[in-house]
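Asks: 3D model of this:
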Amino acid sequence: MDPQMLDKPPHPPANEWTEVLPWIWLVLITLLGGVASFVRKMRESHVRAWNFTEFVGEIVISGLAGLITANLCMWQNFPMPLTFALTGIGAHMGSRALFRAEALFETKFPAPKDPTDETR
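Replies: Below you'll find the model as predicted:
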């Protein structure tokens with residue numbers, strides 16, 4: 001057996017948990033944003049109350065939107081409370097947040113026009 005393996009603690013050091021814990025909170029926030037969005041849509045009769053597929057779809061879309069929002073916040077070095085808040089908002093917006101981000105990217109980085117495409 002490697003002698004260095006005996007010296008390692010069985011759990012990660014505290015400084016590693018300080019890096020992991022915010023991401024655990026962010027994932028939980030995105031899940032809650034998805035649940036809140038599904039409940040809002042259910043109350044407005046946009047989705048059926050007990051449709052598991054629509055619920056899972058809402059959670060997945062909200063998770064993606066929330067994690068993209070969290071990564072953008074961290075890229076801009078926003079403070080963690082603001083990152084948590086914006087992640088929750090982005091997760092609750094779900095696909096609307098993704099469509100807005102897509103529109104922003106299309107205006108900032110327009111695709112070159114194809115001279116053979118007559119629809120543009």
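Asks: OK, contacts around the nearest residue to residue 30 once chain neighbours are set aside?
Replies: Spatial nearest neighbour of residue 30, excluding adjacent residues (C-beta to C-beta, 6 or more residues apart in numbering): residue 66 at 3.1 Å. For glycine as for every other residue, the C-beta is placed from the backbone atoms N, C-alpha and C. If you count contacts by C-beta atoms under 8 Å, 6 or more residues apart in numbering, residue 66 has them with 26, 29-30, 33-34, 87-88, 90-91.
Asks: apply 10 Å and report the result again.
Replies: Residues counted as contacts of residue 66 (C-beta atoms under 10 Å, 6 or more residues apart in numbering) are 26-34, 86-94, 97.
Asks: buried subset of these as a ChimeraX selection?
Replies: The buried residues among the contacts of residue 66 can be selected in ChimeraX (16 or more other C-beta atoms under 10 Å) with this line:
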select :26,27,29,30,32,33,34,86,87,88,90,91,92,93,94,97
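Asks: which of the contacts of residue 66 fall in helices?
Replies: 26-34, 86-93, 97 (DSSP state H).
Asks: buried stuff in stretch 40-48?
Replies: Per 16+ other C-beta under 10 Å, stretch 40-48 contains these buried residues: 41-42, 47.
Asks: which one of those residues is nearest to residue 79?
Replies: Closest approach to residue 79 among these (C-beta to C-beta): residue 41, at 31.1 Å.
Asks: check which element follows whichever helix or strand that closest one is part of along the chain.
Replies: Following DSSP states H and E, the helix or strand that holds residue 41 is helix 14-43. On the C-terminal side of helix 14-43, the closest following helix or strand by DSSP H and E is helix 52-75.
Asks: thanks a lot, see you next time.
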